[in-house]
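Peer 1: My questions concern the predicted model and sequence given below.
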Amino acid sequence: MVGKICGTGSCLPQMIWGNEKLEEMVDTSDQWIQERTGICRRHIASEEETTAYLASKAAKKALHDAGMSPEEIELILVATISPGNIMPGIACEVQKNIGAENATCFNLNAACTGFLFALNTAQAYIAQGIYKNAIVIGAETLSNLTDWKDRSTSILFGDGAGAVVLKSVDEGTYIQVSRSIGNKGHVLTLTNRNQKKYEQNPLAEETYMRMDGKAVFQFAVTKVPEMISEVLEKAKMSKEEITWYILHQANARIIGSVARRLGENKEKFPMNIENYGNTSSASIPILLDELNKKGALKQGEWLVLAGFGAGLSCGASILKW
Ligand code: UT7
């Protein structure tokens, strides 16, 4: 059994910051940000737009798209690194907010690869026959974790949530490969804000995201093509059979480089980073929802999803739309 995506949804905060807003905050320029990342603007959550709020809205829309009622849902997984609450897990908040009283709910943290790992987890439950359906969500309010004085990270990130509904079908394909490389974890970090040592100085340097951008860039452009080639091989498929490559939206140059390294047409790599920046675990489901709502994804087309990020971690999956 395989979980088929039968509904998608997303939710973006109301407020939009263009690159000119960042120009007021750090020594940067609209031109630099656009040329080096492809980003023009990003959505920034208000206090009311918590990660759980965005996740719940995205889940509701995905349920509506799937034509299912919340009581039918058996599993809710939320991938996030910015949950707001430690307890209860925001997957339980989503359950409460949407009325999915029969679901088992938990969060999962695999940073920007989070949505992909959550999808893998839901697929494993469905393949075992443990659950017949699931909502898988990627949701972030990274603006709460960003040091707005640090130009090497603040220009990149944005807030938002995306969700998919999976329904078990007898015939279908979901093939995945994944990697975690813990000994390279130091290149992208956010030290736990809840440790006692920060009580004296809650805004200490370590309480924000820190990134060696070049190291992460190098990791992404090397590992993502490797992961995609590996998953194609595992599926015994050729790249010509793939219609769309849905990559984590971290930097337009990373996506361009992956396409070149695979010898693939850039048109097969849709992007929306210009409007949202890097929304970590939310970027893949937001893009999926946009493409779905535009009618760009046709029944029977093969999709590759690929993610990478802190951990370090990376992975790729193949599924049929
Ligand atoms: O979601 C997964 C996690 N994140 C990523 O995947 C991000 C991966 N990394 C990146 O996307 C890129 O490394 C960045 C966008 C973060 C940085 O781009 P870069 O091309 O690697 O820039 P750089 O750090 O090599 O800096 C190039 C120049 C430097 O100036 P000099 O030394 O050449 O004079 C920097 O000081 O650009 C300067 N610079 C900036 N200038 C204006 C660095 N950041 C900025 C900035 N505005 N924000």
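Peer 2: Everything's here; your move. Residues are numbered from 1 along each chain as shown.
Peer 1: CA only for contacts and neighbour counts going forward, please
Peer 2: Will do.
Peer 1: Run through this structure and note the low-pLDDT ranges.
Peer 2: 192-206 (pLDDT under 70).
Peer 1: what are the ranges of the strands in it?
Peer 2: Assigned by DSSP state E, the chain shows strands spanning 2-11, 15-18, 41-44, 75-79, 104-108, 133-141, 159-169, 174-180, 188-189, 210-211, 242-247, 302-309, 313-320.
Peer 1: Compare the ones you listed and give me the one nearest the ligand.
Peer 2: The minimum distance between the ligand and these falls on strand 302-309, with 4.2 Å, by Cα to the nearest ligand atom.
Peer 1: Off-centre distance for that closest one?
Peer 2: For strand 302-309, the distance from its own C-alpha centre to the chain's C-alpha centre is 10 Å (Cα atoms, centre = their mean, to the nearest Å).
Peer 1: As a markdown table, the strands of the chain with distance to Leu291 would be great.
Peer 2: Compiled in a markdown table, the strands of the chain are given as follows (distance: least, Cα to Cα, whole Å):
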| stretch | distance to Leu291 |
| --- | --- |
| strand 2-11 | 10 |
| strand 15-18 | 21 |
| strand 41-44 | 19 |
| strand 75-79 | 21 |
| strand 104-108 | 25 |
| strand 133-141 | 16 |
| strand 159-169 | 12 |
| strand 174-180 | 20 |
| strand 188-189 | 30 |
| strand 210-211 | 30 |
| strand 242-247 | 10 |
| strand 302-309 | 12 |
| strand 313-320 | 15 |
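Peer 1: tell me the most buried of these?
Peer 2: Neighbour counts averaged per stretch over the strands of the chain are highest for strand 133-141, at a mean of 33; criterion: mean count of other Cα atoms under 10 Å.
Peer 1: what residues are up against the residue most central in space within the chain?
Peer 2: The residue at the geometric middle of the chain, judged as the C-alpha nearest the mean C-alpha position with Cα atoms, centre = their mean, is Ser281 (2.4 Å). Shown in contact with Ser281 (Cα atoms under 8 Å, 6 or more residues apart in numbering): Ala79, Thr80, Ile81, Ala111, Cys112, Thr113, Gly114, Phe115, Gly138, Ala139, Glu140, His248.
Peer 1: check those residues against the ligand, which are close?
Peer 2: Under the cut-off given by Cα under 6 Å from any ligand atom, the ligand has Cys112 from these close to it.
Peer 1: Now the two most distant members of the contacts of Ser281.
Peer 2: Between any two of the contacts of Ser281, the greatest separation by Cα to Cα is 15.0 Å, found for Ile81 and His248.
Peer 1: Show me which of those two is the more surrounded one.
Peer 2: Shown here are Ile81 and His248; by other Cα atoms under 10 Å, His248 has more neighbours (29 against 23).
Peer 1: Against Thr113, how distant is the more buried one?
Peer 2: Summarising the geometry, the distance separating His248 from Thr113, computed by Cα to Cα, to the nearest Å, is 8 Å.
Peer 1: same check, this time on Ile242
Peer 2: Separation of Ile242 from Thr113 (Cα to Cα): 21 Å.
Peer 1: Please apply the same query to Lys184.
Peer 2: Applying Cα to Cα, the value for Lys184 to Thr113 is 15 Å.
Peer 1: what does the stretch 151-300 of the chain have sitting close to the ligand?
Peer 2: So far as Cα under 6 Å from any ligand atom goes, the stretch 151-300 of the chain lies against the ligand at Arg151, Ser152, Ile155, Gly213, Lys214, Val216, Phe217, Ala250, Asn251, Ser280.
Peer 1: Just among the residues you listed, which is most surrounded?
Peer 2: Of all these, Ser280 has the most neighbours under the rule other Cα under 10 Å, reaching 34 neighbours.
Peer 1: residue contacts, it?
Peer 2: Contact analysis of Ser280 by Cα under 8 Å, 6+ apart lists Ala111, Cys112, Thr113, Gly114, Glu140, Phe157, His248, Gln249, Ala250.
Peer 1: Would you agree the third one is in contact with Gly307?
Peer 2: Yes: in this structure, Thr113 sits in contact with Gly307. The criterion is Cα atoms under 8 Å, and the distance is 4.7 Å.
Peer 1: so what sits against both of those two?
Peer 2: Taking Cα under 8 Å, 6+ apart as the contact criterion, the common neighbours of Thr113 and Gly307 are His248, Cys314, Gly315.
Peer 1: Closest one to Ala59 out of those residues, please.
Peer 2: Looking at these and their distance to Ala59, the nearest is His248, at 19.6 Å (Cα to Cα).
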